[in-house]
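Peer 1: Can you look at this prediction? I've put the sequence above it.
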Amino acid sequence: MNVSGLIYPVILCGGGGTRLWPASKHVRPKPFLPLLGEETLFEAAQKRVVGDRRFAAPMIVAGATHRELIASQACAVQRLVIEPVAKNTAPAIALAAALLQPEDVMLVCPSDHHISDDGAFREAAATAANLAHQDWLVSFGIAATYPETGYGYIQRGEPLEGGFRIARFVEKPDLATAQAYVETGEYCWNGGIFAFRAGFLLDELARHRPQMHDLVRQAVERGEEEGRGFRPDHESFAAIDGESIDYALMENTDRAAMVRADMGWSDIGNWAALSDALAAQPKFCDSDGNVVRGHADFDSCRRVLAMSDGPRISAVGLEDVCVIVSDGEVLVTTREGAQRVGKLPGAVNQQTPTRGPCR
């Protein structure tokens, strides 16, 4: 039995955020950037649960590369778990589960998402925790407010106490399909936030991904404590076939549930998504929907995002375009093309400019 009744947040700090290149780079990726104000997304993820007595201090799961960044921005860390290699979300979550007590309810949160209503998030977390205590694997279903094609969807099934059984998961749909999903009211976005009882998660992993389960257990048993941190065994963890928690468990278990969360969520997955999140703050947005971080001038522009860490951006007659100047790099993309930024050579290879700025 979980005597404390606490919810144990697990904040995942994986991924390179390459679709937000050139601002987001491997050495300082999206979670550690102050994209929406003075606070970074990682700092906001922690503060969302710190100070509420229902939550324990967060556990952070991250790679060694970002250890110093985490230390500089951490506000209250129960334990830092250093992944030897990146293996996607299922092994990372299983590591955290193996380091908790079996009856502990863990709340898995990405470090790089934006949530504007922290109160709604905490209430959804409490509801999800109640279902997790009943051995449901619980996903947050984000209220789908428009037909977004860049997100996965969850179809709700029969009602449960505070939530619903998940009828099915759907990968990123085309626009017509997404529109139909929104109109039915039966679908939510898959927000990548979960609640599990640690022991039941590991039981289900043993059932559906036995090799991953055994290698995670081995990595923990052979791992080493490092002060308030933990380093799993490299050889054991490297042998795991990486997989997302959705593919490994959520789409296979017969105990998948969801709670609906209307909390102003965005994954800030690309420049268009960031522009939308910033547009909700009047200090960044003008009457034509143009969004500015830094110094920019517009003439006859609509829905343009201009972000610069130095040089002025001047734009005339543009619509639905993002212009980013960061660390000597310049990116120009349409909103529609923002999903493909991560495939550019600069984003993939993290190239440095071969020429200085024009003067």
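Peer 2: Right, received. Where do you want to start?

Peer 1: Neighbouring strands - and their directions - for the biggest strand by length in the chain?
Peer 2: In the chain, with assignment by DSSP state E, the single longest strand is strand 187-197. Sheet pairing for strand 187-197, assigned by DSSP bridges, gives strand 105-110 (antiparallel), strand 137-143 (antiparallel), strand 153-160 (antiparallel).

Peer 1: From the rest of the structure, what touches the shortest one?
Peer 2: Looking back up the chat, that one is strand 105-110. 2, 6-12, 45, 48-49, 55, 89, 93, 96-97, 100, 125, 128-129, 132-133, 192-198, 201, 245, 267 (Cβ atoms under 8 Å, 6 or more residues apart in numbering). To be clear about C-beta, it is placed using only N, CA and C from the backbone, and glycine gets the same treatment.

Peer 1: what domains does the record give for the chain?
Peer 2: Residue ranges for the domains of the chain, per automatic domain parsing: 7-266, 274-349.

Peer 1: mind listing the strands in the stretch 151-300 of the chain by residue range?
Peer 2: Per DSSP state E, counting those that start in this stretch, the stretch 151-300 of the chain carries strands over the ranges 153-160, 163-170, 187-197, 224-226, 229-231, 256-261, 265-266, 291-293, 296-299.

Peer 1: Could you say which one of the ones you listed comes nearest to Tyr146?
Peer 2: Nearest of those to Tyr146, taken as Cβ to Cβ: strand 187-197 at 10.0 Å.

Peer 1: and the angle from the closest one to strand 256-261?
Peer 2: Angle, strand 187-197 to strand 256-261, by axes from the mean of the first three to the mean of the last three Cα atoms, to 10 degrees: 110 degrees.

Peer 1: pLDDT on strand 187-197, on average?
Peer 2: Strand 187-197 shows a mean pLDDT of 96.

Peer 1: for stretch 159-174, same thing?
Peer 2: Across stretch 159-174, the per-residue pLDDT values average to 94.

Peer 1: Could you give the separation between the terminal residues of it?
Peer 2: This stretch, stretch 159-174, spans 28 Å end to end (Cα to Cα, to the nearest Å).

Peer 1: And stretch 253-266, by the same measure?
Peer 2: Stretch 253-266 stretches 26 Å from its first residue to its last (Cα to Cα).

Peer 1: just how off-centre is it within its chain?
Peer 2: 14 Å (Cα atoms, centre = their mean, to the nearest Å).

Peer 1: Could you report the distance from Leu331 to Glu148?
Peer 2: Counting by Cβ to Cβ, to the nearest Å, the separation of Leu331 from Glu148 is 22 Å.

Peer 1: again with Asp288
Peer 2: The value you get for Asp288 to Glu148, if Cβ to Cβ is used, is 23 Å.

Peer 1: These two - which one has more neighbours?
Peer 2: Set Asp288 next to Glu148 and count neighbours by other Cβ atoms under 10 Å: Glu148 wins out with 21 against 12.

Peer 1: who touches that one in this structure?
Peer 2: 178, 189.

Peer 1: Angles on the backbone of it, please.
Peer 2: Per-residue torsions, Glu148: phi -80, psi 130 (degrees, to the nearest 10).

Peer 1: and what of Lys343?
Peer 2: Here Lys343 shows phi and psi, under degrees, to the nearest 10, equal to phi -90, psi 0.

Peer 1: so how far is Asp267 from the residue nearest the centre of the chain?
Peer 2: The centroid of the chain falls nearest to Pro110 when counting by Cα atoms, centre = their mean (3.4 Å). Distance of Pro110 to Asp267, given as Cβ to Cβ: 7 Å.

Peer 1: which residues do those two both contact?
Peer 2: Gly192.

Peer 1: any idea how far Arg255 is from Arg156?
Peer 2: Distance of Arg255 to Arg156, given as Cβ to Cβ: 15 Å.

Peer 1: So which of the two has more stuff around it?
Peer 2: Comparing Arg255 with Arg156 by other Cβ under 10 Å, the one with more neighbours is Arg156, at 20 against 17.

Peer 1: wait, the more buried one sits on Asn190?
Peer 2: No - with contacts counted by Cβ atoms under 8 Å, Arg156 stays clear of Asn190, the gap being 11.9 Å.

Peer 1: Good, wrapping up.
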